[in-house]
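**Student:** Below are the sequence and a predicted model; questions follow.
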There are 4 protein chains.
Amino acid sequence: MNHIYPRKPPVKERKDARVQKTRAALRDALLALLEERPFDAITIRDLAARAGAGYATFFRHYPDKGSLLADLAADEISALLALALPILDEADTHAACVALCSYVDARRHLWSVLLTGGAAGNLREEFIRQAHQIAAARPTPDESAWLPKEVAVVFGVSGTVEILAWWLQHGRDHSLEQVAQILDRLVIAPILRG
Amino acid sequence: MNHIYPRKPPVKERKDARVQKTRAALRDALLALLEERPFDAITIRDLAARAGAGYATFFRHYPDKGSLLADLAADEISALLALALPILDEADTHAACVALCSYVDARRHLWSVLLTGGAAGNLREEFIRQAHQIAAARPTPDESAWLPKEVAVVFGVSGTVEILAWWLQHGRDHSLEQVAQILDRLVIAPILRG
Amino acid sequence: MNHIYPRKPPVKERKDARVQKTRAALRDALLALLEERPFDAITIRDLAARAGAGYATFFRHYPDKGSLLADLAADEISALLALALPILDEADTHAACVALCSYVDARRHLWSVLLTGGAAGNLREEFIRQAHQIAAARPTPDESAWLPKEVAVVFGVSGTVEILAWWLQHGRDHSLEQVAQILDRLVIAPILRG
Amino acid sequence: MNHIYPRKPPVKERKDARVQKTRAALRDALLALLEERPFDAITIRDLAARAGAGYATFFRHYPDKGSLLADLAADEISALLALALPILDEADTHAACVALCSYVDARRHLWSVLLTGGAAGNLREEFIRQAHQIAAARPTPDESAWLPKEVAVVFGVSGTVEILAWWLQHGRDHSLEQVAQILDRLVIAPILRG
DNA sequence: CTCTAATCGAGACGGTACGTCGCGTCTTACG
DNA sequence: CGTAAGACGCGACGTACCGTCTCGATTAGAG
């Protein structure tokens, strides 16, 4: 998969094997616990215990819970946004929506936990936050008179996230094709064509 | 996360004057503190101190922080949703959007704190939660083949909240009329007409 | 007993009853634990648990373990020193030694724990420390040419403590009278008469 | 408290030169640090850093901090006790006291750190401990009716240590001759002649 | 206009999680 | 291929806040 979608390059993987193992264990522990209860109800002691690591060991890798979540999610969020934002510039928005949904579908379990698990709220906030940054940096080619860029970005991201969360929560009741169409008609088209 | 869920049972409004005063002081304290820092960073001790009340006194009125927020927000949220949902059934959606924006504008300070202050995330979640409940209970008059009711409601609410939050955060740069138009074209129209 | 030996006057006992109870429980817990293991091997968690108090409660009363020990011991030490130092000024040193031993005997259990239990080392150090302070403040009436005041005080206190510790450790094998005689001949006489 | 008790089994002195060097560095580091702060406030990491050795290296030489202190002090203590105990059996006690003081004076810096530095308390305890052992093993030639052997030994050692500590702490204000006299009149004579 | 009960402030208390530190073991990778 | 560097499990530290509780001191509003 990594050859299709832009992932973090494997540079600087020059780390102690124990460190890698411990971090992976902590990330897995967080994912597992997020399926059972809200992010804020998960204690660092829970995470360490679930990961089979010592309590203090957690802090040797992350300064706090949020950083662990960020380590899990930030790259994924960036990747998704990198895939989503350009949709607005494409000619064939439907195809772009399908690509987006395919990406999520390929990592369905991870995204399912992130968007419908106990950290859904935090993730949504992080999405919006990153989107704001991107919106500020993004060129403004064809600013509509009626739709400020900021609103477009925030609304687009928020709507997309909400639709994806709904899809992930309802299993396979709806085809990728359907969801892509909803995304296109509900989020993309209105932004582009009012 | 401090969910807002459990609504306080219908309080008898016939109360000691001291009680009324204390509750008002606590609510004001929360609003004031939400302008400075996130909801989760506000402690009950902070609230009591700011309200000029004793620490234990807080618990004589609310079982926890979330209940105080609920006392502040739940009615407002219900009122706003009661105003927003029927938009989809109206003929003149634009007029309905103007009505919605007028309502928010009339209570601009409160809504500004709620949607852009330290409890923005909690509020958004509560909106979505109430929207889900409404969606489940709502009759399904003209279920489009392509757009499941659940998505429509969640997307509609989420988009509306996002647009209102943006409006409240940017002061008076944009007229009520403009915002109503954005709301209509970006959220309402796509749901109704695809 | 309190009418015989100078105890802390009951002034300022104007405190919350709960506070008194908790502190007494903590002091008793320390005494009990000192009979089983060294002071440094006793954790604050042990103390709180033994006292039936919450861990954090300990810190509401004492900043650390040492302060609890001081609360137990400082007054006792002061009282003993107040009784011991004047011996050097008395005409009948033997009678004064008997008085000192009687005082210790009347509080035999407490002193037994303090001088032979797990805090013996700390107590000895505290004795020497207080003795140094007293030596510095004490007038130097008849400074012998051969014996500096400082040495006299430190040696006197140290020797006395050692003899008392031995006595307390060996139960009633030796009479109060015998110990007083040893104290007089081994510590007091040499200081006074070289 | 870090007792010094368990003596290292008779180390074979035939060792790698690097081992000798590392141990010397660690001992020097301990001595240096004892001049700045109490023994218990010195961490193994401090010692290793000061000695220019790796943290784990410490444990290849000593099982814990106390053992390093023992390695420094135990031989010195034994030597001093071997010199001190026989004083009671000598005819010319004054000469013996002079010999004792000379021995300490010859190693003044080391003893100064040991008896007045951060490990003074530990050292005192170790002295008493070894003295107790010696007292138990020592024949009882002329047990006085009034002075049990145990008291004599403990008192003698304790008094001697205290006097030496005072001497070492006050530099050269007092001559070796004076101190020997004090020792003889304050400690030895009373034990022998009551 | 009193008197009685509700309400209040103050804060001690048992808990629980935090983030830090040091120990002593064990692993890794460098020189 | 031996050793330094340091990650690790462990567990105590002292801090903060929670929600419960007792304690007197107001003070409201019913009689």
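**Tutor:** Perfect, thanks for sending it.

**Student:** Dihedrals phi and psi, A:His174?
**Tutor:** With angles defined as degrees, to the nearest 10, A:His174 sits at phi -130, psi 140.

**Student:** Check which element follows the strand or helix carrying A:Ala49 along the chain.
**Tutor:** Element membership of A:Ala49, judged by DSSP states H and E, is helix A:44-51. Toward the C-terminus, helix A:44-51 is succeeded by helix A:55-59 as the next helix or strand (DSSP H and E).

**Student:** Give me the helices and strands touching the helix or strand just after that next one, please.
**Tutor:** As assigned by DSSP H and E, the chain's next helix or strand after helix A:55-59 is helix A:65-84. Judged by 3 or more C-beta pairs under 8 Å, 6 or more residues apart in numbering or on different chains; DSSP states H and E, helix A:65-84 is in contact with helix A:17-34, helix A:44-51, helix A:93-106, helix A:108-116, helix A:120-137, helix A:149-169. The way it works is simple: take the backbone N, C-alpha and C, and place the C-beta from them, glycine included.

**Student:** Least confident of those, on average?
**Tutor:** Across the helices and strands packed on helix A:65-84, the stretch with the lowest average pLDDT is helix A:120-137; it has a mean of 85.

**Student:** burial measure for A:Arg18, as a count.
**Tutor:** 9 (other C-beta atoms under 10 Å in any protein chain shown).

**Student:** where's it relative to A:Arg45, distance?
**Tutor:** The gap separating A:Arg18 from A:Arg45 is 21 Å, by C-beta to C-beta, to the nearest Å.

**Student:** DNA strand F contacts on chain A?
**Tutor:** Residues of chain A lying near DNA strand F by C-beta under 7 Å from any atom of the strand: A:16, A:18-19, A:21-22, A:52-57, A:60-61.

**Student:** ok, back up a step: nearest to C:Gln178, of the helices and strands packed on helix A:65-84?
**Tutor:** helix A:44-51 (58.6 Å; C-beta to C-beta).

**Student:** Can the closest one be said to contact DNA strand E?
**Tutor:** Yes - Helix A:44-51 comes into contact with DNA strand E (C-beta under 7 Å from any atom of the strand), by way of A:Ile44, A:Arg45.

**Student:** List the buried residues in that helix.
**Tutor:** For helix A:44-51, the neighbour count (16 or more other C-beta atoms under 10 Å in any protein chain shown) marks A:Ile44, A:Asp46, A:Leu47, A:Ala48, A:Arg50, A:Ala51 as buried.

**Student:** and the last one, how far is that from C:Pro86?
**Tutor:** Looking back up the chat, that one is A:Ala51. 66 Å.

**Student:** again, but for the first one
**Tutor:** Using C-beta to C-beta, A:Ile44 is found at 59 Å from C:Pro86.

**Student:** same check, this time on the fifth one
**Tutor:** When C-beta to C-beta is the yardstick, A:Arg50 and C:Pro86 sit 66 Å from each other.

**Student:** Where does the residue sitting furthest away from the middle of chain A sit: helix, strand or coil?
**Tutor:** Within chain A, the residue lying farthest from the chain centre (C-alpha atoms, centre = their mean) is A:Ala145, at 30.6 Å. Classification of A:Ala145 by DSSP: H, G, I helix; E, B strand; the rest coil places it in coil.

**Student:** what number of residues lie near A:Tyr62?
**Tutor:** So A:Tyr62, with other C-beta under 10 Å, has 19 neighbours.

**Student:** Quick check: chain neighbours aside, which residue is closest to it?
**Tutor:** Spatially, and ignoring its direct neighbours in sequence, A:Tyr62 is nearest to A:Leu68 (4.6 Å; C-beta to C-beta, 6 or more residues apart in numbering or on different chains).

**Student:** isn't that neighbour right up against A:Asp46?
**Tutor:** No - taking contacts as C-beta atoms under 8 Å, A:Leu68 lies outside contact range of A:Asp46: 11.8 Å.

**Student:** how much space between the spatially most central residue of chain A and A:Ile42?
**Tutor:** Geometric centre of chain A, nearest residue: A:Ile77, 3.4 Å, by C-alpha atoms, centre = their mean. Noted for A:Ile77: a distance of 20 Å to A:Ile42, by C-beta to C-beta.

**Student:** Close to DNA strand E: what parts of chain A are there?
**Tutor:** Going by C-beta under 7 Å from any atom of the strand, the residues of chain A near DNA strand E are A:Asp16, A:Ala17, A:Arg18, A:Thr43, A:Ile44, A:Arg45, A:Tyr55, A:Ala56, A:Phe59, A:Pro63, A:Asp64, A:Lys65.

**Student:** Now for A:Ala32: which residues touch it?
**Tutor:** A:Arg50 (C-beta atoms under 8 Å, 6 or more residues apart in numbering or on different chains).

**Student:** hang on, the earlier thing: check the spacing between the residue nearest to A:Tyr62 and chain C real quick.
**Tutor:** Distance of A:Leu68 to chain C, given as C-beta to the nearest C-beta, to the nearest Å: 27 Å.

**Student:** for A:Leu100, same thing?
**Tutor:** Relative to chain C, and taking C-beta to the nearest C-beta, A:Leu100 is found at 51 Å.

**Student:** Give me the number of neighbouring residues for that residue.
**Tutor:** Quick note: A:Leu100 (other C-beta under 10 Å) scores 23 neighbours.

**Student:** Who are the contact partners of it?
**Tutor:** A:Leu80, A:Leu83, A:Ala84, A:Ile87, A:Thr160, A:Ala180, A:Leu183.

**Student:** Closest to A:Pro139 out of those?
**Tutor:** For these, the nearest to A:Pro139 is A:Ile87 (15.6 Å; C-beta to C-beta).

**Student:** isn't that closest one right up against A:Cys97?
**Tutor:** Yes - using C-beta under 8 Å, A:Ile87 makes contact with A:Cys97 at a distance of 6.6 Å.

**Student:** For DNA strand E, give me its nearest residue in chain A.
**Tutor:** A:Ala56 (3.2 Å; C-beta to the nearest atom of the strand).

**Student:** Give me the pLDDT for that residue.
**Tutor:** For A:Ala56, the predicted pLDDT is 93.

**Student:** Tabulate the contacts of A:Leu100 (JSON lines), appending neighbour count.
**Tutor:** Putting those into JSON lines (neighbours: other C-beta atoms under 10 Å in any protein chain shown) gives the following:
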{"residue": "A:Leu80", "neighbour count": "24"}
{"residue": "A:Leu83", "neighbour count": "17"}
{"residue": "A:Ala84", "neighbour count": "25"}
{"residue": "A:Ile87", "neighbour count": "23"}
{"residue": "A:Thr160", "neighbour count": "24"}
{"residue": "A:Ala180", "neighbour count": "23"}
{"residue": "A:Leu183", "neighbour count": "27"}
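
**Student:** nearest to B:Ser102, of those residues?
**Tutor:** Checking these one by one against B:Ser102 (C-beta to C-beta), the nearest turns out to be A:Thr160, at 29.2 Å.

**Student:** What are the neighbouring residues in contact with the closest one?
**Tutor:** Counting by C-beta under 8 Å, 6+ apart, the residues that A:Thr160 touches are A:Ala84, A:Leu100, A:Leu183, A:Val187.

**Student:** from these, which two are the most distant?
**Tutor:** A:Leu100 and A:Val187 (10.5 Å).

**Student:** Brilliant, that's me finished.
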